[in-house]
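Participant: Can you look at this prediction? I've put the sequence above it.
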Amino acid sequence: MFKTLRNAFKVKDIRDRLIYTMVALLVVRVGTLLPAPAISRDYTNSVFNSDALGFFNSLTGGSFTKMSIFALSITPYITASIIVQLLTIAVPKLEEMHKEGEDGKKKLNELTRYLTVALAVIESAAMAIGFGSSGALEGGLTFTNIIVVIASFTAGSAFLMWVGERITINGVGNGISVILAVNIISRMPSDFIELYQTYIAGNSVVAAILAVLIIVAVSVGTIIFVIFLQNAERKIPVTYAKKVQGRKMIGGQTSHIPLKVNTAGVIPIIFANSLMTFPVVISSFFGVYPERAYFWPKVLKMLSQNSWFIIKSWGDFKYTIGVLIYIVLTVFFAYFYTSITFNPIEVSNNMKKQGGFIPGIRPGKPTTEYLTKVLNNIIFIGAVGLVLVCLLPLIISGIFNANFSFGGTSIIIIVGVIIETLKQIESQLLVRHYKGFLND
């Protein structure tokens, strides 16, 4: 990794892209410290103490509990992306756009932008009305204050979406994913401090050393497993038949189709967590938290990861049933996102046109069925791997009562983003190397 970055800084074009990305991320982090107007800081400091908001606050880089102009962060964009991708299957016109290639992708991206702004307005309005009803707005629940809050949060979310797109075009990596990863990383110091205060400070030397070893072992083991999961792939051999083209004999070579075990990357985790956190966040706007003992808060507690695997009593452990919803959502989005990005029918037809075939499998429908079968198997393995990585820290957190936002989900997002960004840098270095070779 360090060698790749060192080589990247030697190339002016890539160095400029890296500097552009760092400056953009610096702007994002500064924005999380800028308070939104019309909201009482004393109120937010006293109210936003719910552990259920931990992961959402991690996604926003702490800007949600601070009620900065970036309080919504890029969560409206993530939600909009989920909706648009679901609609590409249900709406024929959107499905046609998806199949149009680059032009169709641009249209879908434009639709996602409009939907992001619309969702940001709705969420901002809910926050303004909810906070106003609870007395959080300075000056009371007035029309002016509501408009100011809606404008501030919507503008902040739209600006982050724009910054993410600028990073994708002028920087390195996927801008939205990079912003998400940096937001999570920014919360790591406070998580480590909480771990220190819970398991190390005030304990005996032996207990403190044992706690450090366990924390390091779990963290390092999880990171290694995630790296293995992100890089693992199934290579399907493809042979191209020899044919005469003009006066030359072409073909006859062997290649392969690389199918990643974790085909959907971090998308299933982000989508599943966003859907499960959304009701908790919306309810918090109106002062309803999982800790209160009514029916609706009990449902929210079931959706909160901080309520899982607590073994003190059955009354606490019963909320772990929310894990089943989490697993189902993760597996569903793993299959769903892969079905959008990889089409076995299209791959089979392209192989047939180019004279390629999988040894032992006839071209056409049998090839499609074989690819679908293999793909379904590795998607399931990848989804199970994602679930295991996410649940292991939650199990340890629930059993030992350690409430911190940095867990398996965060590690998957961070490691996934780092690996993809480094691969993009390496590919750009390779292109520059070939360009230099050809120019020589």
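Facilitator: Happy to help now that I have it. Numbering: from 1, shown residues only.

Participant: CA atoms for contacts and neighbours, from now on please.
Facilitator: Will do.

Participant: Tell me which stretches of the stretch 151-300 of the chain form strands.
Facilitator: Applying DSSP state E, counting those that start in this stretch to the stretch 151-300 of the chain gives strands spanning 233-240, 243-245, 248-250, 254-260.

Participant: Now render those strands as TSV, adding mean neighbour count, distance to residue 370 and mean pLDDT.
Facilitator: Shown next, in TSV, are the strands of the stretch 151-300 of the chain (neighbours: other CA atoms under 10 Å; distance: least, CA to CA, whole Å; pLDDT from 0 to 100):
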stretch	mean neighbour count	distance to residue 370	mean pLDDT
strand 233-240	15	10	83
strand 243-245	10	25	58
strand 248-250	10	27	57
strand 254-260	15	13	81
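
Participant: Nearest to residue 119, out of the ones you listed?
Facilitator: Residue 119 lies closest, by CA to CA, to one member of the strands of the stretch 151-300 of the chain: strand 254-260, at 32.9 Å.

Participant: From the chain's centroid, how far away is the closest one?
Facilitator: 26 Å (CA atoms, centre = their mean, to the nearest Å).

Participant: re the thing from before, redo the strands of the stretch 151-300 of the chain as JSON lines? Include distance to residue 348.
Facilitator: As requested, the strands of the stretch 151-300 of the chain are exported to JSON lines (distance: least, CA to CA, whole Å):
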{"stretch": "strand 233-240", "distance to residue 348": "11"}
{"stretch": "strand 243-245", "distance to residue 348": "19"}
{"stretch": "strand 248-250", "distance to residue 348": "20"}
{"stretch": "strand 254-260", "distance to residue 348": "11"}
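
Participant: Nearest to residue 80 among the ones you listed would be which one?
Facilitator: strand 254-260 (25.8 Å).

Participant: Tell me the strands beside that closest one, with direction?
Facilitator: Paired with strand 254-260 in the same sheet, following DSSP bridges, are strand 233-240 (antiparallel).

Participant: For the strand it pairs with, what is the distance to the chain centroid?
Facilitator: Using CA atoms, centre = their mean, the offset of strand 233-240 from its chain centre is 29 Å.

Participant: Tell me the pLDDT of residue 113.
Facilitator: Per-residue confidence for residue 113 comes out at a pLDDT of 92.

Participant: wouldn't it be in contact with residue 77 here?
Facilitator: Yes - Residue 113 is within contact range of residue 77, at 7.4 Å (criterion: CA atoms under 8 Å).

Participant: coming back round to it: among the strands of the stretch 151-300 of the chain, which is nearest residue 175?
Facilitator: strand 254-260 (22.2 Å).

Participant: Low-confidence regions, the stretch 151-300 of the chain specifically.
Facilitator: Across the stretch 151-300 of the chain, the ranges flagged by pLDDT under 70 are 241-252, 281, 284-297.

Participant: Would you map the helices across it?
Facilitator: 175-186, 188-199, 205-231, 267-285, 295-303 (DSSP state H, counting those that start in this stretch).

Participant: Show me the shaky parts of the stretch 1-150 of the chain.
Facilitator: 1-2, 4, 41-62.

Participant: how about 90 then?
Facilitator: 1-18, 29-109, 122-146, 148-149 (pLDDT under 90).

Participant: now the helices: where do they sit in it?
Facilitator: Using DSSP H, counting those that start in this stretch, helices in the stretch 1-150 of the chain cover 2-8, 12-31, 41-47, 54-59, 63-66, 75-90, 92-99, 102-134, 143-170.

Participant: Using JSON lines, lay out those together with distance to residue 349.
Facilitator: Shown next, in JSON lines, are the helices of the stretch 1-150 of the chain (distance: least, CA to CA, whole Å):
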{"stretch": "helix 2-8", "distance to residue 349": "37"}
{"stretch": "helix 12-31", "distance to residue 349": "37"}
{"stretch": "helix 41-47", "distance to residue 349": "57"}
{"stretch": "helix 54-59", "distance to residue 349": "41"}
{"stretch": "helix 63-66", "distance to residue 349": "48"}
{"stretch": "helix 75-90", "distance to residue 349": "21"}
{"stretch": "helix 92-99", "distance to residue 349": "15"}
{"stretch": "helix 102-134", "distance to residue 349": "20"}
{"stretch": "helix 143-170", "distance to residue 349": "31"}
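
Participant: and residue 223, which of those helices is closest to it?
Facilitator: Here helix 2-8 is closest among these (CA to CA), at 17.2 Å.

Participant: In contact with the spatially most central residue of the chain, which residues?
Facilitator: In the chain, the residue lying closest to the centroid (CA atoms, centre = their mean) is residue 270, at 3.8 Å. For residue 270, the contact set (CA atoms under 8 Å, 6 or more residues apart in numbering) comprises residue 413.

Participant: hmm, 10 Å instead?
Facilitator: Counting by CA atoms under 10 Å, 6 or more residues apart in numbering, residue 270 makes contact with 59, 75, 78-79, 82, 180, 330, 333, 409-410, 412-413.

Participant: just to revisit the earlier point, point out the most buried one among the helices of the stretch 151-300 of the chain.
Facilitator: helix 175-186 (a mean of 22; mean count of other CA atoms under 10 Å).

Participant: Report the distance from it to the chain centre.
Facilitator: With CA atoms, centre = their mean, you get 9 Å for helix 175-186.

Participant: neighbours of the closest residue to residue 72 other than its chain neighbours, just the number please.
Facilitator: Of all residues not flanking residue 72 in the chain, residue 157 sits nearest, at 6.0 Å (CA to CA, 6 or more residues apart in numbering). By the criterion of other CA atoms under 10 Å, residue 157 has 26 neighbours.

Participant: could you measure residue 157 against residue 31, distance?
Facilitator: Using CA to CA, to the nearest Å, residue 157 is found at 11 Å from residue 31.

Participant: can you list residues touching both of the two?
Facilitator: With CA under 10 Å, 6+ apart as the test, residue 157 and residue 31 both reach 69-71.

Participant: Give me the angle between the helix or strand hosting residue 329 and helix 92-99.
Facilitator: Using DSSP states H and E, residue 329 maps to helix 322-341. With axes from the mean of the first three to the mean of the last three CA atoms, to 10 degrees defining the directions, helix 322-341 sits at 70 degrees from helix 92-99.
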